[in-house]
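In: Below are the sequence and a predicted model for it; my questions follow.
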Amino acid sequence: MNTTAKIAIVSLVIVGAVSYLILSGVKQTGLQYMTVTELAQMEKAPKADGFRLDGVVAAGSVAYDQKQPRLTFRMTDGKEAVHVVYDGLMPDAFAEGRDVVVEGTFRHTDRTLHASKLVTKCPSKYESEGLGEDRS
């Protein structure tokens, strides 16, 4: 085999490997995004490979079992609410009224979102009062 053929084969292998990595990365981040209202009003469960939901932890809805560990709460967008179950440690910044993002699957039969990931959005500690106001 000559040098040109070897270079062509190595190039094809590299292009194939890079293409595979890009496609698999896009597939992982290509989760369907929904609002709480959209999810609550669905007549059938969304696609089985999961989705991302953004909302607020409803007041008086948080229950945490440290032994399992299992966190349950209701998530709302101000219009609708859904029940969320998360098997894992409760994030430090998690609290009622806090913005959260969850990823997981929705069981339409019991209308419960089973979260595989839970991220708490923290309010910015660095925002100053009057930011953006005209001071002239």
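Out: That came in fine, so what should we check first? Residues are numbered from 1 along each chain as shown.

In: Going by neighbour count, list what's buried in the helix or strand hosting Ile7.
Out: Assigned by DSSP states H and E, Ile7 falls within helix 3-29. Buried residues in helix 3-29, counting neighbours by 16 or more other CB atoms under 10 Å, are absent. C-beta: built from backbone N, CA, C; applies to glycine.

In: any idea of the mean pLDDT for that helix?
Out: Mean per-residue pLDDT for helix 3-29: 80.

In: immediately after that helix, which helix or strand?
Out: strand 32-35.

In: In terms of secondary structure, what does that following strand contact?
Out: strand 51-57 (3 or more CB pairs under 8 Å, 6 or more residues apart in numbering; DSSP states H and E).

In: angle of the strand it packs on against helix 3-29?
Out: 40 degrees (axes from the mean of the first three to the mean of the last three CA atoms, to 10 degrees).

In: packing partners for strand 51-57?
Out: strand 32-35, helix 36-40, strand 70-76, strand 99-107.

In: Output these in TSV, with mean pLDDT, distance to Pro46 and mean neighbour count appended to each entry.
Out: Formatted as TSV, these follow (pLDDT from 0 to 100; distance: least, CB to CB, whole Å; neighbours: other CB atoms under 10 Å):
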stretch	mean pLDDT	distance to Pro46	mean neighbour count
strand 32-35	80	6	14
helix 36-40	85	7	18
strand 70-76	95	15	20
strand 99-107	88	6	18
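
In: now stretch 110-125, how far from the chain's geometric center?
Out: The chain centre lies 7 Å from the centre of stretch 110-125; the measure is CA atoms, centre = their mean, to the nearest Å.

In: which residues sit against that stretch?
Out: For stretch 110-125, the surrounding residues in contact (CB atoms under 8 Å, 6 or more residues apart in numbering) are 39-40, 50, 53, 71, 75, 82-88, 91-94, 98-107.
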